[in-house]
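Enquirer: Any chance you could fold what I've pasted below:
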Amino acid sequence: MRRAAQALVVVALFTGGNAWSKPATSTSTPSSTSTSTSTPTSTSTPTSIPSSTPATGSVGGCVESVPHGAQRPTLIDHFPLRGLSGYAATLVVTVEHGKGETVLPQGIELQSQSEAAKALKQAGFVIPDQTGPDAARLNDTPADPKHPDHVTTTLELPLLALPPEPGRHTLTLPSLPVAVSRANGEIATACTAVHAITIEDPTSSTPDAAPKPNPNPRVQREEWTSLRKALTYGALGVLAGAVLAFLVRKWMQRPRAVPPPPPPRPPWEVAFERLDEVRHAGLLEVGRYQEYFDRVNDAVRQYLGARYGFDGLESTTDEILQALRRAILEEVVMPSVVTFLEECDLVKFAKFTPTTEECTRALDSAERIVHATMPREGATMSGIAQGAT
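Expert: Numbering: from 1, shown residues only. The predicted model follows:
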């Protein structure tokens, strides 16, 4: 139905325009066959008249016109001879036109105020709603290989028969104009034949006809626009909330920077603290001299190892003395350290039991060693470690 069209066929029911051509003849004869109904139909075949000069005419009040040099389209129309009041009867119009023409490429646009529409209404016909099942239809017939320059288009136009009074009526369908638009914008108009149709009441053959009950109610289908919007926005809100909650949780669970550990305490402070603990532990009062000596010995060994960069608790006395000599320990302090370590080895390995005075003297000696080897005021731990190495 959509071709690379250069022409437009329009039922003038819906359009208007100037007209031409001499009146066309039509015959109304019963037909034993029908294309859309089982009832007999009448057929009208206007002749195709080539024209070299503009001409005008009318067919049953319908005005025809063809531009200069154009050829009048051939119309073959069919309409039922009988119908029912309140039911649609279909007018079938076959239009033969030139190759390349497109029939109604933009659809049928009814104009209820046109003269043809008014004439239909006066004749007892109404055009059905074009958005319903009885809308006008167009069909293209495949081109005939024997006549490649001609194209056939069929227009089916349902018309609702509404007589003004009940009973049997004979209605006359007026002639309807059909327009053909060419590529150059010229329009040719041809008219259909006048048709008569006998209209019966739907209950005319039913004795004592009674009104029919109302049909069963149909399920009402509503478009819940507000509900759909609410569900859509709600789903989007839930999704956005879930994404936001996920992002917040990931942000809360992010790896955080570990705070730097506190700076290490100076080894002499640790040594004085441990020696003070031994002094006030009450070991001498209960006769635990061996433990007293061991704790003093461990405090000094740990201090010397931390002070000069070696493991004092895991080193032997000889290893400690070698490390201290490499650290260039002052000659005043070195003899005191040697004497202290030898006394501690004597108690630890020779099972010598010291007296209370010897324990107190060992503690005092340990404190003097720590005091003597402490860095001078203002020295830092980095400087101490560099001096030890």
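Enquirer: Just the helices from this protein, written as ranges.
Expert: Secondary structure of the chain, counting by DSSP state H: helices at 115-122, 225-252, 267-279, 289-308, 317-326, 334-349, 356-373, 381-388.
Enquirer: Can you give me the buried ones in the fourth one?
Expert: I take that to be helix 289-308. Across helix 289-308, burial judged by 16 or more other Cβ atoms under 10 Å covers 289-290, 292-293, 295-297, 299-308. Glycine gets a C-beta too; all of them are placed from N, C-alpha and C.
Enquirer: Make CSV from the helices of the chain and add mean pLDDT and distance to Arg82 to it.
Expert: Shown next, in CSV, are those (pLDDT from 0 to 100; distance: least, Cβ to Cβ, whole Å):
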stretch, mean pLDDT, distance to Arg82
helix 115-122, 80, 19
helix 225-252, 93, 47
helix 267-279, 92, 124
helix 289-308, 91, 124
helix 317-326, 88, 131
helix 334-349, 88, 136
helix 356-373, 91, 133
helix 381-388, 43, 120
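Enquirer: Can you tell me which of the ones you listed is most buried?
Expert: helix 289-308 (a mean of 21; mean count of other Cβ atoms under 10 Å).
Enquirer: orientation of it relative to helix 334-349 in degrees?
Expert: Inter-element angle recorded for helix 289-308 and helix 334-349: 140 degrees (by axes from the mean of the first three to the mean of the last three Cα atoms, to 10 degrees).
Enquirer: Please produce TSV containing the helices of the chain, extended by distance to Gly86.
Expert: Formatted as TSV, the helices of the chain follow (distance: least, Cβ to Cβ, whole Å):
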stretch	distance to Gly86
helix 115-122	15
helix 225-252	36
helix 267-279	114
helix 289-308	115
helix 317-326	123
helix 334-349	128
helix 356-373	124
helix 381-388	111
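Enquirer: right, so of the ones you listed, which gets closest to Gly69?
Expert: helix 115-122 (26.6 Å; Cβ to Cβ).
Enquirer: pull the CA atoms of that closest one into PDB?
Expert: Presented in PDB, the C-alpha positions along helix 115-122 are these (Å, rounded to 0.1, in the frame of the first residue of the first chain):
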ATOM      1  CA  GLU A 115     -20.700  18.200   1.200                       C
ATOM      2  CA  ALA A 116     -20.500  14.500   0.500                       C
ATOM      3  CA  ALA A 117     -20.700  13.600   4.200                       C
ATOM      4  CA  LYS A 118     -23.800  15.800   4.500                       C
ATOM      5  CA  ALA A 119     -25.400  14.200   1.500                       C
ATOM      6  CA  LEU A 120     -24.800  10.800   3.000                       C
ATOM      7  CA  LYS A 121     -26.400  11.800   6.300                       C
ATOM      8  CA  GLN A 122     -29.500  13.200   4.400                       C
END
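Enquirer: and the closest residue in space to Asn139 that isn't next to it in sequence, how far is that from Arg325?
Expert: In this structure, Asn139 finds its nearest non-sequential neighbour in Thr154, 4.6 Å apart by Cβ to Cβ, 6 or more residues apart in numbering. Counting by Cβ to Cβ, to the nearest Å, the gap from Thr154 to Arg325 is 123 Å.
Enquirer: Equivalent analysis for Glu367, please.
Expert: 23 Å.
Enquirer: Ok, Glu222 next?
Expert: Look at Glu222 and Arg325: by Cβ to Cβ, they are 102 Å apart.
Enquirer: quick one, what contacts the residue nearest to Asn139?
Expert: Listed by Cβ atoms under 8 Å, 6 or more residues apart in numbering, the contact partners of Thr154 are 92-95, 138-141.
Enquirer: if we go to 10 Å?
Expert: 35, 76, 92-95, 103, 137-141 (Cβ atoms under 10 Å, 6 or more residues apart in numbering).
Enquirer: Who wins on neighbours among the residues you listed?
Expert: Val103 (24 neighbours; other Cβ atoms under 10 Å).
Enquirer: The stretch 51-200 of the chain: strands as residue ranges?
Expert: With DSSP state E, counting those that start in this stretch as the criterion, the stretch 51-200 of the chain has strands at 55-59, 62-66, 74-80, 82-84, 88-98, 102-103, 125-126, 137-141, 150-161, 169-173, 177-181, 187-191, 195-200.
Enquirer: Can you tell me which of those strands is packed in deepest?
Expert: Using mean count of other Cβ under 10 Å, strand 187-191 ranks as the most buried of these, with a mean of 26.
Enquirer: so how far is it from its chain's centroid?
Expert: 51 Å (Cα atoms, centre = their mean, to the nearest Å).
Enquirer: sorry, back to before: Leu138 versus the residue nearest to Asn139, what's the distance?
Expert: 7 Å.
Enquirer: what's the answer for Glu115, then?
Expert: 23 Å.
Enquirer: Next: Glu186.
Expert: For Glu186, the distance to Leu138 - Cβ to Cβ - is 21 Å.
Enquirer: One more: Phe125?
Expert: Counting by Cβ to Cβ, the gap from Phe125 to Leu138 is 20 Å.
Enquirer: Now do the same for the nearest residue to Glu291 once chain neighbours are set aside: its pLDDT.
Expert: Of all residues not flanking Glu291 in the chain, Leu283 sits nearest, at 5.7 Å (Cβ to Cβ, 6+ apart). Per-residue confidence at Leu283 stands at 89 (pLDDT).
Enquirer: Give me the distance from stretch 158-176 to the chain's centre.
Expert: With Cα atoms, centre = their mean, you get 54 Å for stretch 158-176.
Enquirer: CA atoms of it as CSV?
Expert: Output of stretch 158-176 as CSV, limited to C-alpha atoms (Å, rounded to 0.1, in the frame of the first residue of the first chain):
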residue,chain,number,x,y,z
PRO,A,158,-18.5,0.5,5.4
LEU,A,159,-21.6,2.7,5.7
LEU,A,160,-24.1,2.4,8.6
ALA,A,161,-27.8,2.4,7.4
LEU,A,162,-30.0,4.4,9.7
PRO,A,163,-33.5,5.0,8.3
PRO,A,164,-35.5,7.8,9.9
GLU,A,165,-38.4,5.5,10.7
PRO,A,166,-38.8,1.8,11.6
GLY,A,167,-39.9,-0.7,9.0
ARG,A,168,-38.8,-1.4,5.5
HIS,A,169,-37.2,1.4,3.6
THR,A,170,-35.4,1.8,0.3
LEU,A,171,-32.4,4.1,0.7
THR,A,172,-30.4,5.6,-2.1
LEU,A,173,-26.7,5.9,-1.7
PRO,A,174,-25.6,9.1,-3.5
SER,A,175,-22.7,9.2,-5.9
LEU,A,176,-19.4,9.7,-4.1
